[in-house]
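# Here is a sequence together with a model predicted from it:
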Amino acid sequence: MSASPRGERLLVALDVDTPERALTIAEQVRGIAGGLKIGSRLFTAAGPDLVRRLVDSGFRVFLDLKFHDIPNTVAQAVDAAVRTGAWMINVHASGGSAMMQAAARAAADAAAASGSPAPLVIAVTVLTSMDEQTLQQTGVARPLMDHVLALAKMAQSAGMDGVVASPQETAVIRESCGADFAIVTPGIRGASAGQEKNDQSRTMGPAEAVRAGATYIVVGRPIIAAPDPKAAAQAIVEELTSP
Ligand code: C5P
């Protein structure tokens, strides 16, 4: 799918429960969005065949399965993910440096073995559903932002291509990790992404998030629950394109 240069930044979260619904939305945003995100719900229901089908029909797919396990198991899961043709995959940074290094190595090896380009391998820092209190319950005493930044730096040192981070954390990570580090930002609301917040609390508009340093923005419900998903995606890309 060839979206406009600004449209390349928009990843549509296919948070639906059937492959049919996913394929319908995919076609509605073809040529507008830069990629599709498949998470654990749709993947568990529809499996790798749907990923291959979307990849074969020209879509970039971000397989958002957030692997977090012992390094050997994560490496094997990454190998299987690469073989679906996914363009971007992710792991949890809190799995540690050795786990992320194993993931990066497995992605490069699997891509070389299958003759396909290596996917972007990115790391989730702290889930946006967590606040400082819930983080402390897991034994992390330092402030949330410090923890996010430490995990982002560890991810970069371990060979990750980028991180998933909330809009509020993007600028700090961009400043610390440099221009080439991919930052994928969900929690996009306001402006062309609509005023309905759903369960997202710390949000930013599409253009604002890109200005703060996001490489890619992930947008789900403002597009997939809109009466006209194509028009909703177009409005967001127009906002990204306008000066
Ligand atoms: O519908 P909405 O735009 O809120 O969807 C955002 C997508 O990004 C969902 O798939 C959600 O699971 C995902 N996500 C998130 N916050 C994170 C990581 C992923 O909202 N920290």
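Received, thanks. Residues are numbered from 1 along each chain as shown.
# Would you mind listing what in the chain touches the ligand?
For the chain, the residues in contact with the ligand (Cβ under 6 Å from any ligand atom) are 13, 15, 39, 127-128, 164, 186-187, 198, 200, 218-222. No exception for glycine: its C-beta is placed from N, CA and C like everyone else's.
# Report the buried members of those residues.
By the neighbour-count criterion of 16 or more other Cβ atoms under 10 Å, those include these buried positions: 13, 15, 39, 128, 164, 186-187, 200, 218-222.
# all strands for the protein, in order.
10-13, 35-39, 61-67, 88-92, 120-124, 162-164, 182-185, 216-219 (DSSP state E).
# In the protein, what residue lies closest to the ligand?
The ligand sits closest to Gly220 of the chain, with a gap of 2.5 Å, by Cβ to the nearest ligand atom.
# which residues does the residue nearest to the spatial centre of the chain form a beta bridge with?
Residue closest to the average C-alpha location in the chain (Cα atoms, centre = their mean): Val184, at 5.2 Å. On DSSP bridges, the residues paired with Val184 through beta bridges are Val164, Tyr216.
# I'd like the distance from it to Val218, if you could.
Counting by Cβ to Cβ, to the nearest Å, the gap from Val184 to Val218 is 6 Å.
# any shared contact partners between the two?
Here Val184 and Val218 share the contacting residues Leu11, Phe62, scored by Cβ atoms under 8 Å, 6 or more residues apart in numbering.
# Pass me the low-pLDDT residue ranges in the protein, would you?
Where the chain drops to pLDDT under 70, the residues are 1-4.
# For it, which segments are assigned as helices?
Counting by DSSP state H, one finds helices in the chain at the ranges 19-29, 40-46, 48-56, 71-82, 97-114, 132-137, 144-157, 167-177, 206-211, 221-224, 229-241.
# okay, these in CSV with distance to Arg9 next?
Formatted as CSV, those follow (distance: least, Cβ to Cβ, whole Å):
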stretch, distance to Arg9
helix 19-29, 13
helix 40-46, 22
helix 48-56, 19
helix 71-82, 22
helix 97-114, 22
helix 132-137, 29
helix 144-157, 19
helix 167-177, 13
helix 206-211, 6
helix 221-224, 14
helix 229-241, 6
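# list the buried ones in stretch 69-82?
Residues Pro71, Val74, Ala75, Ala77, Val78, Asp79, Ala81, Val82 are the ones in stretch 69-82 that count as buried (16+ other Cβ under 10 Å).
# Looking at the residues you listed, spot the one nearest Glu20.
When the buried residues of stretch 69-82 are compared for distance to Glu20 (Cβ to Cβ), Ala81 wins out at 23.0 Å.
# ok, the closest one touching Lys66?
No - when contacts are counted by Cβ atoms under 8 Å, Ala81 is not listed as touching Lys66 (11.3 Å).
# Not including adjacent chain positions, what is the nearest residue to the residue of the chain closest to the ligand?
Nearest residue to Gly220 in three dimensions, chain neighbours excluded: Ala13, at 3.4 Å (Cβ to Cβ, 6 or more residues apart in numbering).
# Who are the contact partners of the one you found?
Taking Cβ under 8 Å, 6+ apart, we find Ala13 in contact with Lys37, Gly39, Asp64, Pro186, Val218, Val219, Gly220, Ile224.
# how about a markdown table for these, with distance to Ala171 added?
Rendered in a markdown table, the data for the contacts of Ala13 read as follows (distance: Cβ to Cβ, whole Å):
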| residue | distance to Ala171 |
| --- | --- |
| Lys37 | 23 |
| Gly39 | 26 |
| Asp64 | 23 |
| Pro186 | 16 |
| Val218 | 17 |
| Val219 | 20 |
| Gly220 | 23 |
| Ile224 | 28 |
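# Looking at the residues you listed, point me to the pair that's furthest apart.
When those are compared pair by pair using Cβ to Cβ, the farthest-apart members prove to be Asp64 and Ile224, with a separation of 14.4 Å.
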